[in-house]
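S.K.: sharing a sequence plus its predicted fold:
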Amino acid sequence: MSIDLTLSLQFADKRHRDQLPRHKVARWLKAALESDAELAVRIVDAEEGQALNRDYRQKDYATNVLTFDYAHEPVVMADLILCAPVVEREAKEQNKDLVAHYAHMLVHGALHAQGWDHIEEDEAQAMEQREREIMAKLGFADPYAGEN
């Protein structure tokens, strides 16, 4: 099945723009999608990431990825917000390749956009397993390797 993806890729924070070419971002997202989608991906700085997390989730800090999902069917519609400084810091702290970590955060956000969640333990295990499968299919290492 071929996934039709309409993608808006925005760089409010341009620090990693050269490492996130449109064709790669689209490939990573399509691997995580189970139906056609219209997605906006916005790479932001810490200030914008913190403001969005505070205003919409009442958590006053910048996080790696925020997903604002608007529809699951017939077309997945969502905004994915990735905070460049947080993704960069996590990649360094976890000794992960920056591009691989971005790919994982995009896959993670795309799954959220389709209704996946990780609030309950069984949901978290299922979502993490799905992420592992997608990342392996894309040629990346297990994003959860080394975690307890």
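M.R.: Arrived safely.
S.K.: span of stretch 70-89 from start to end?
M.R.: 29 Å (Cα to Cα, to the nearest Å).
S.K.: could you do stretch 82-99 as well?
M.R.: Note: stretch 82-99 ends 13 Å apart using Cα to Cα.
S.K.: same question, stretch 5-24
M.R.: 13 Å.
S.K.: same check, this time on stretch 69-86
M.R.: First residue to last in stretch 69-86 (Cα to Cα) measures 21 Å.
S.K.: mind starting the numbering at 18 from now?
M.R.: Got it, first residue is 18 now, which makes that one stretch 86-103.
S.K.: report the buried residues of that stretch.
M.R.: By neighbour count with 16 or more other Cβ atoms under 10 Å, stretch 86-103 contains the buried residues 86, 93-103. For glycine as for every other residue, the C-beta is placed from the backbone atoms N, C-alpha and C.
S.K.: how about stretch 133-153?
M.R.: 133, 135, 144-145, 147-149, 151-152.
S.K.: thinking again about what came up before, got TSV for the buried residues of stretch 86-103, with secondary structure and pLDDT too?
M.R.: Below are these laid out as TSV (DSSP: H, G, I helix; E, B strand; the rest coil; pLDDT from 0 to 100):
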residue	secondary structure	pLDDT
D86	strand	95
V93	strand	97
M94	strand	98
A95	strand	98
D96	strand	98
L97	strand	98
I98	strand	98
L99	strand	98
C100	strand	98
A101	helix	98
P102	helix	98
V103	helix	98
